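Asker: coords please:
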Amino acid sequence: MTNKDDIKDKIQKPVNLLSSQQSYLQDGARVMRKTDQAIPQSFLTDLKHQREDSVRNNIGDYQSVAKVPVAIHEKWKREGFDMFKETPKAILKRLRDENLDAFITTNKRL
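Answerer: This next block holds a predicted model:
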């Protein structure tokens, strides 16, 4: 295997960023922000394959545990749960508690 092949093997798939849309609703003096985010079936299928492959693959220093859509992250933040301050174990528990298992990318125990 050449050095060029080594580099190709280490290149990860491009990150699939799903955009969210913001809309503002006015009810008298109140203004509310609504976040919508379409989650395509292909994204969920890819996550399922990642979860299934996680047990067989050696991932090195980095372990992906979930890919949480922005709309869910913002909802949780409003509820006082900041993913950036929580442990991976807590994030997985919250996903399971809310029946959002489809966004989990690993079957490994943490």
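Asker: Thr35 bridge partners, please.
Answerer: Taking DSSP bridges as the rule, Thr35 bridges to Gln22.
Asker: Tell me where this protein has strands.
Answerer: For the chain, applying DSSP state E gives strands covering 21-27, 30-36.
Asker: export those to CSV and tack on distance to Ser64 and mean pLDDT?
Answerer: To be clear about C-beta, it is placed using only N, CA and C from the backbone, and glycine gets the same treatment. Output for these, formatted as CSV (distance: least, Cβ to Cβ, whole Å; pLDDT from 0 to 100):
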stretch, distance to Ser64, mean pLDDT
strand 21-27, 25, 84
strand 30-36, 23, 83
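Asker: okay if I get those strands as TSV plus mean neighbour count?
Answerer: Converted to TSV, the strands of the chain look like this (neighbours: other Cβ atoms under 10 Å):
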stretch	mean neighbour count
strand 21-27	9
strand 30-36	10
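Asker: Turn those into JSON lines, including distance to Gln50.
Answerer: Below are the strands of the chain laid out as JSON lines (distance: least, Cβ to Cβ, whole Å):
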{"stretch": "strand 21-27", "distance to Gln50": "26"}
{"stretch": "strand 30-36", "distance to Gln50": "25"}
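Asker: Of these, which is nearest Tyr62?
Answerer: strand 30-36 (28.2 Å; Cβ to Cβ).
Asker: Which residues lie in contact with the nearest residue to Lys77 once chain neighbours are set aside in this structure?
Answerer: Closest residue to Lys77 apart from its sequence neighbours, by Cβ to Cβ, 6 or more residues apart in numbering: Met83 at 7.8 Å. Neighbouring residues of Met83 by Cβ atoms under 8 Å, 6 or more residues apart in numbering: Val68, His73, Trp76, Lys77, Ile91.
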